[in-house]
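Student: Below: sequence and its predicted model.
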Amino acid sequence: MISATLPHSASSSAAHLASLHDFDDHHSPTPTSKTGNGYKHHPVQVEGSLSVSAPGSRRSSLGVPTPQPVPVGRALSQASFAGFSGSAHSFASSLSNNALFSSTSGLATGQKHTRGAIVDVLTADFLKFSPETDAGAAVERRAYLVDGTLPVVVLALERLLHEMERRKIQVGPDGQVQSLSESQVKQPPSMACTSQTIQRDHLPAPFEPLLWLAQYLYRHNPKHSAGPLAAGPTSMASLTYKQNLRNISNALNNRLDELQKARIAQLRAERAARDKESQRRKLIKQLIRDEKTKTTRELTAAVFRRLGKINRGREAINLRYLLSIIQNIRQSPNVVVNSSLSASIDSLDKELVDACISQEAQSAKVTEKESRKLLDQVSAILATWTPQDFSAFLQELTQWMDGEQERVEEQDVSDLIGMLRRGRDGQGGATQGGVGMSVDDFIGAIRKSKQAGSKSSTGDGASEGGKGSEDAELDQLEQELKQMDLGSVSDDVIGKALRKATKVATVTTVGDLMAMLREPPPMFANDPLLNSKGRTPDDSFRSNGSGAGDASGGSASASDAASSAAAAATQQDDAEDIALLRKHKLKMLFDTLDQDKLGVLVTRELNSLISATATFFADDPIRPRNDLNLITLSLKFAIPVLQLMSHTVQREYFVDYACRKLMSLNDADFTLLVKTLGEQAKQRRVVSAEVVEGALADQSLSESKLRRQLDDASRVVYFDYQTLCSQLMQPIVEILQARHEAMAKHLRVDIAMFDQLFTVLASSNADRRGDTLRGEVFNTLIQKAGDVQCIAIESMDGSVDELNEASRQKAEADMHHESLIVGGSGSGAADENHTSSPTGGAGAEVSTTTSTKQMPATATAPIEFRVGHVLAVPAKTLMGEVLGCVHFACIQPMALSKSLATTREIDMFTPDDVELAHRLADALARAVATLERISKTVTIAESSASFLREQAGASTKFYVVEGNDIYFANDRPDISLSQEQLERMSQHPCRYMRPLKHQLVRVDRDSDTDFIFSAAENRSTSIRGQATAVPVLDNDVVVAVMVVTSLAHSTTGAVGLQDEDMEEVAKVAEVLGTALSNVRKQKPRQVELEAEELDDDGELIFAKFMLDSLRDSISKLDNAAIAELKSYKKPPPTIHKVLKCLCFLFGKTPKQVKQWSDTLKFINMDLLKQMVAYDPTGIQKKGKFVRIRRVLKTIPHGDVKKRGSVPAQTVYAWLIVSLDLRDKAVMARRRAALAGGSQAEVEETDNEMDEDTDVDD
């Protein structure tokens, strides 16, 4: 027994060597285990039954000899070393094919050289670094192997090669070791020292180089070198062996040092390259940041320059001004939907607000140095944005500046036009309406300015021809303005002339022209919708008059001029002190109103407060102040109607606007008005808090009560649609009027049903019943099948459209057309030039300009449009189809400027009102569904009763079951309506306005009707006397209808119906139940018959289902049924008549079917197929139906059934149903023709009905 382990230092290599236990393709691999040292090992069977295990095994034992021939190349290639390059593997796998071992010639002289070459190759190959592995780990692993493993391995390989040379082993082309002749296989050199000779009873195994190598390594393991290894030429104590190990170890260490130095140099070079690349990237990033900062500052400076050009000194570009611009841009739809840009703008706004609070920049006069500081601050913030956000922000800002520039230009034009109109009498200076300027003064000021500019410029040498042309242009412009009637001509015409003046004066805009005329521009409005349209000029300009007047006239002495100038300066200083004091009071008032400290007030709420204050002055019982009432009302802001809920006023604009408006008041009245505004605001807050507290306390109770009322109203069985809508609408009207008490007279609630158009069935205004709702609002409602809520304008024809410029022009054209029709061209059709201010910007005072000519008072009155808030909610079926709508409107007359702005207060519907409309729409849909279901149930049941009377000869009544109640339907008309009213209503285009054909009467339970209730409760047939009550069950086994039949006449004294009649009733009840199930579940009907699309009342439903049932029966008839009919040699007359009618229906003449034999020629399977495909509702010739009815009337009742022919009975029933469907289709086409107004179609249906009736009679 020999026990051994591989060297611990060579554990990594030994693990791979030990894995050679799987060198046979048919040998199963041994599971891998893990030792305590952390190395994997595999038990290996080697030659001589030697068991070798990896490190960690305590003992190995000899086993049964398992010699297995293995190719040298394949075995060595499997002994791979982890982490080494493929060259070492290639070297080991090609040992058998190496030229050194292909022959033995010449080896003695080159043995030393060969051994050195082998050592060098193995040393270099085993220590080569692999680029796929970690460099540091590779160096550590190879150093470890060099110290304890590789020298022994290299020496063992060298000895293996020597042994193969000694044995003269030949390796074939396939890598197999060839059998040796004549020689015994010698054991490794170390085995010669063993004292025991192993006896073999078999031939020695062939030489295996790999197993020989493993045994060699085992014998030279230091742990197992005692005993026989103590001496001998191959002992580890041998000097030769030690010297060889030392030489190989030195060679390996030298090679490893070279590799380590090269690797360290490579790592340093790579680190230097990385540092250089990092510095280069940092430099590029810094350059990019610097370029971005520079570009951002240049763009920001360009924005500041344009803002200054637009502003033209109205207000310094400070933090407050920038915040107002950001507030406007933030409301842009493109910004709202861009979350990243919104976040960036919020951060900018926060930074500027913090800076504004700390520096109080809004009250300081900004110097050039502070302007540069502000520019640097804003550009630094913008430089931190992403390029996408910054680009989008610049785009939105550019759009805002474009709009602001256009607005300022239009404002300047309007102001200059006002000055020319006020000075059209030729008198410059201040007038009652403000500063005026005549055309002469205007042209003179331009001449004077151009002369001053030409003297101070470097172009003194300009040609006289150029000056002459400019003077000619001024003269032409002066003549053009003087020829105009400035009081009546439109602003557009005057504006064109003024824009010509800008070209003559060599300026860009009208604003530059006004600056040339020495009129300082008004205070800049932060909100583009709140411009200062009614602004006043500077006091100095007003006191001195127009610049042109000073230039053209005045011969006062120099001393008088100096005295006047000093007095004017003193007066101006006093006015400025008063203005500063008033602005301070207005700021305090604004802060009082701004409870949330947002810096803005909702314009709509501010106007409401102003109106309440004006009412307080007018209704003061002690001392009414009508003058303060009018002044207070003039403070109201003109709000764009489309921004009623979102429009705001900022602090600076409010102060400037109110200060200008209240300029005419003395200090006492000004203080009183400001104090009253504050008190009214406090009182409104207290009242509002009490109202809100009370509303919250009663809200849950009110909502619960309203929901209960609507639910109860929707479950009531109504007998007509108008009553249904009126009952549902009543509580809603009361609630809305209570919520909007101030605007109750303008409030309107409509409930309309949709039948090609919306027709009002119930309204808070009784005169609107029967009107049609039309316009863009209701078209949109149909298209989207959803809510529509908007500010709308109502035209003279009643159409309601969303308010915009196009709808305003349409409404104005309708009003003008209406005024021409009634002959009153001045009643509300005033010229547009005499309406509200032409620019119509927000914040502009709504005023009218009257001409100096004597014109009717109505001609200058502004046009009042009907404008208000509209809410439309659709009522939909379970299938999502719109069947009606709930319409809330609060519309009132008001004047609108061209920008759709007004000072009139408009009441708006709240979210609670929207919820109220939805509840009403849901209740309407439920109630209408119930009424339509009952109406169609009555119609279907009446159709089934008619069929039963034909088939069973029984008197039939039906009762509708709805919950626990039973209703009887009679066809008596409503006695409250005259015959003329009924006829007119029946022809109404909207089917919801037509009276129902049946009147429902609730049945009380008594002794006469108890059997009906019992049959309904027990769901079984009940008989009382000659009456039989049959319950009709739908597919859900719910009683829908009770059919009560009795004998029409009894000559035999029979009680109740006969069995065959009851079978007929059962068949009809089954079909009736299927038809009612489709109606109750509101399933979409599949259109199969031509007239079904015209059947709104469901008159064709039962007959269609009956026809489907009979079609199934006809499809089941075969040749045997036809043979049965043909078996008659002389059939009963009834059978012949039935078949003749069938032939008539498909175009045969009486002569063709006169004889029975002639009739049989047409009875075949093709005829049955035609019956199945036949549509009785189509438009067909009328003669054949007259002939069929004439023949069928001659058949005694019940005679077809008595003959016992099933095919004849089926054909007869099919004829009855087809005729019934044809009659109902004719009536449906007649109703459709009446509704569509087609007289030709009405006459066609009349002729069809009259011809049938005449012949039948």
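Tutor: Looks like it arrived, so ask away. Please read all numbers here as calculations on a predicted model, not as lab measurements. Numbers count the residues shown, from 1 in each chain.
Student: contacts and neighbour counts: CA atoms only from here.
Tutor: OK.
Student: secondary structure element for Lys500?
Tutor: helix 491-504 (DSSP states H and E).
Student: Then Ala1016?
Tutor: Secondary structure (DSSP H and E) places Ala1016 in helix 1010-1018.
Student: Please identify the buried residues of that helix?
Tutor: Judged by neighbour count (16 or more other Cα atoms under 10 Å), helix 1010-1018 contains these buried residues: Phe1011, Ile1012, Phe1013, Ser1014, Ala1015, Ala1016.
Student: got JSON lines for these, with pLDDT and distance to Ser955 too?
Tutor: Supplementary listing: the buried residues of helix 1010-1018 in JSON lines, determined by pLDDT from 0 to 100; distance: Cα to Cα, whole Å:
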{"residue": "Phe1011", "pLDDT": "88", "distance to Ser955": "17"}
{"residue": "Ile1012", "pLDDT": "88", "distance to Ser955": "16"}
{"residue": "Phe1013", "pLDDT": "89", "distance to Ser955": "19"}
{"residue": "Ser1014", "pLDDT": "88", "distance to Ser955": "21"}
{"residue": "Ala1015", "pLDDT": "88", "distance to Ser955": "18"}
{"residue": "Ala1016", "pLDDT": "87", "distance to Ser955": "20"}
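Student: For the residues you listed, give me JSON lines that also has distance to Asp907.
Tutor: Shown next, in JSON lines, are the buried residues of helix 1010-1018 (distance: Cα to Cα, whole Å):
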{"residue": "Phe1011", "distance to Asp907": "59"}
{"residue": "Ile1012", "distance to Asp907": "56"}
{"residue": "Phe1013", "distance to Asp907": "54"}
{"residue": "Ser1014", "distance to Asp907": "57"}
{"residue": "Ala1015", "distance to Asp907": "58"}
{"residue": "Ala1016", "distance to Asp907": "54"}
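Student: quick one: which of the residues you listed is nearest to Pro209?
Tutor: The closest of those to Pro209 turns out to be Ala1016 (Cα to Cα; 105.3 Å).
Student: Please tell me how far the closest one sits from Phe958.
Tutor: Separation of Ala1016 from Phe958 (Cα to Cα, to the nearest Å) stands at 12 Å.
Student: what's the overlap in contacts for the two?
Tutor: Shared contacts of Ala1016 and Phe958, defined by Cα atoms under 8 Å, 6 or more residues apart in numbering, comprise Met1042.
Student: re earlier: return the member of the buried residues of helix 1010-1018 nearest to Asn311.
Tutor: Ala1016 (85.0 Å).
Student: Where does the closest residue to the closest one other than its chain neighbours sit, in terms of helix or strand?
Tutor: In this structure, Ala1016 finds its nearest non-sequential neighbour in Pro1031, 5.9 Å apart by Cα to Cα, 6 or more residues apart in numbering. Secondary structure assignment for Pro1031, by DSSP H and E: strand 1027-1033.
Student: What mean pLDDT does the helix holding Lys500 get?
Tutor: The pLDDT scores in helix 491-504 average 75.
Student: and that helix, what does it pack onto?
Tutor: Applying 3 or more Cα pairs under 8 Å, 6 or more residues apart in numbering; DSSP states H and E, we find helix 491-504 packed against helix 387-422, helix 464-483, helix 510-516.
Student: 10 Å instead?
Tutor: helix 387-422, helix 439-456, helix 464-483, helix 510-516 (3 or more Cα pairs under 10 Å, 6 or more residues apart in numbering; DSSP states H and E).
Student: Using CSV, lay out those helices together with distance to Ser371, mean neighbour count and mean pLDDT.
Tutor: Shown next, in CSV, are those (distance: least, Cα to Cα, whole Å; neighbours: other Cα atoms under 10 Å; pLDDT from 0 to 100):
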stretch, distance to Ser371, mean neighbour count, mean pLDDT
helix 387-422, 19, 18, 82
helix 439-456, 29, 18, 69
helix 464-483, 39, 14, 70
helix 510-516, 23, 21, 65
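Student: Tell me which of those lies nearest to Ile732.
Tutor: helix 387-422 (43.9 Å).
Student: ok and the closest one relative to helix 491-504, angle-wise?
Tutor: For helix 387-422 against helix 491-504, the angle by axes from the mean of the first three to the mean of the last three Cα atoms, to 10 degrees is 100 degrees.
Student: Any regions of the stretch 1-150 of the chain where pLDDT drops low?
Tutor: Applying pLDDT under 70 to the stretch 1-150 of the chain flags the ranges 1-142, 144, 148.
Student: Show the subsequent helix or strand relative to the one helix or strand Ile284 maps to.
Tutor: Ile284 is part of helix 239-311 when elements are defined by DSSP H and E. Of the helices and strands lying after helix 239-311 in sequence (DSSP H and E), the nearest is helix 319-330.
Student: Using PDB, list the CA coordinates for that following helix.
Tutor: Only the C-alpha atoms of helix 319-330 are listed here, as PDB (Å, rounded to 0.1, in the frame of the first residue of the first chain):
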ATOM      1  CA  LEU A 319     -36.600  92.100 -10.100                       C
ATOM      2  CA  ARG A 320     -40.300  93.000  -9.800                       C
ATOM      3  CA  TYR A 321     -40.600  93.600 -13.500                       C
ATOM      4  CA  LEU A 322     -38.900  90.300 -14.300                       C
ATOM      5  CA  LEU A 323     -41.100  88.400 -11.900                       C
ATOM      6  CA  SER A 324     -44.200  89.700 -13.600                       C
ATOM      7  CA  ILE A 325     -42.800  88.500 -17.000                       C
ATOM      8  CA  ILE A 326     -42.000  85.100 -15.500                       C
ATOM      9  CA  GLN A 327     -45.600  84.900 -14.100                       C
ATOM     10  CA  ASN A 328     -47.000  85.400 -17.600                       C
ATOM     11  CA  ILE A 329     -44.700  82.900 -19.300                       C
ATOM     12  CA  ARG A 330     -45.500  80.300 -16.600                       C
END
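Student: Counting neighbours, which bits of the next helix or strand after that helix end up buried?
Tutor: Using DSSP H and E, the next helix or strand after helix 319-330 towards the C-terminus is helix 333-336. Residues Val335 are the ones in helix 333-336 that count as buried (16+ other Cα under 10 Å).
Student: Show the subsequent helix or strand relative to helix 333-336.
Tutor: Scanning forward in sequence from helix 333-336 by DSSP H and E, the next helix or strand is helix 339-359.
Student: Okay, angle between that next one and helix 319-330 too, please.
Tutor: Going by the same axes, to 10 degrees, helix 339-359 makes 160 degrees with helix 319-330.
Student: Give me the contact list for the next helix or strand after helix 339-359.
Tutor: Downstream of helix 339-359, the first helix or strand assigned by DSSP H and E is helix 368-383. Applying Cα atoms under 10 Å, 6 or more residues apart in numbering, the external contacts of helix 368-383 come out as 289-290, 292-301, 303-304, 316-319, 322, 344-345, 347-348, 351-352, 355, 361, 366-367, 389-390, 393.
Student: List buried members of those residues by neighbour count.
Tutor: By 16+ other Cα under 10 Å, the contacts of helix 368-383 give 292-293, 296-297, 300-301, 303-304, 316-319, 322, 344-345, 348, 352, 361, 389-390, 393 as buried.
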